[in-house]
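Engineer: Sequence first, predicted model second:
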Amino acid sequence: MADVFDVLSHDHEEVKQILADLERGPTKATGATEPQLAERKKLTDRLIIEESKHEAVEEEYFWPAVQKMMPDGDRLAGEATGQEQEGKVVLDKLGKLDASDSEFEALLARFIAAGRGHMAYEETRVWPGLRGVLSAADAHELGEKLVKGKDIAPTRPHPNIPPRPGILKAAGPAAAAADRLRDAATGRGKD
């Protein structure tokens, strides 16, 4: 089983690839066809699904570990979850738009910049310190929680659910179940 850093690194690489694909376009402004715009929307939906699951399990398991294990964990986690909440607001709006909508590209560009900044924050400011205080066994246990949690995590952003573990444990399963029903009914996330 992979440790927490392997799991998070894999997630980050997957998201970075999606962001790069989205940056390459094509877009409505560059003359994308309707089928190309439909593919762009599908790729954006995939981004939203992956980010929603990733952030949900981070907020439930990873950030509490940072708070508990690191001397400045409260500050680091607070800054990161603030970034994540802002990202959820953008993703929530983005998920309601088609790739042909005028606001779509501006929101996407905003998320891409913020998403890259957030991943860099985690990778350079949080992970090195946590590596120094987390045992190998704890790192593997935390990685396992993240992997298992993603299987049942929400697939849509829920910016109105506070990023607190107790609230997430209570509200998360209901939100995830509703998300999965909506996804099944609409075919969202299916290739």
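Structural biologist: Arrived safely, thanks for sending. The structure displayed is predicted, hence computed values, not measured ones. Numbering: from 1, shown residues only.

Engineer: so who does the residue lying closest to residue 26 once chain neighbours are set aside touch?
Structural biologist: Across the structure, with Cβ to Cβ, 6 or more residues apart in numbering as the measure, the residue nearest residue 26 apart from its sequence neighbours is residue 32 (3.9 Å). C-betas here are computed from N, CA, C, even on glycine. Contacts for residue 32 (Cβ atoms under 8 Å, 6 or more residues apart in numbering) come out as 25-26, 40, 99.

Engineer: name the element residue 32 belongs to?
Structural biologist: When elements are defined using DSSP states H and E, residue 32 is found to belong to no helix and no strand.

Engineer: and the gap between it and residue 111?
Structural biologist: In this structure, residue 32 and residue 111 are separated by 19 Å, where distance is defined by Cβ to Cβ, to the nearest Å.

Engineer: and if you look at residue 53?
Structural biologist: Residue 53 sits 16 Å away from residue 111, going by Cβ to Cβ.

Engineer: Name the residues that touch stretch 116-130?
Structural biologist: For stretch 116-130, the external contacting residues (Cβ under 8 Å, 6+ apart) are 4-5, 8, 12, 15-16, 19, 65-66, 69-70, 72, 76, 79-80, 83-84, 87.

Engineer: Report the buried members of those.
Structural biologist: With neighbours counted using 16 or more other Cβ atoms under 10 Å, the contacts of stretch 116-130 contain these buried positions: 4-5, 8, 12, 15, 19, 65-66, 69-70, 76, 80, 83-84, 87.

Engineer: Looking at those, point me to the pair that's furthest apart.
Structural biologist: 19 and 69 (29.4 Å; Cβ to Cβ).

Engineer: that older thread, what's the per-residue pLDDT of the residue nearest to residue 26 here?
Structural biologist: On the pLDDT scale, residue 32 is placed at 94.

Engineer: ditto for the one 3 residues further on
Structural biologist: We have a pLDDT of 96 for residue 35.

Engineer: Could you look up the SS state of it?
Structural biologist: When the structure is reduced to helix, strand and coil (DSSP: H, G, I helix; E, B strand; the rest coil), residue 35 reads as helix.
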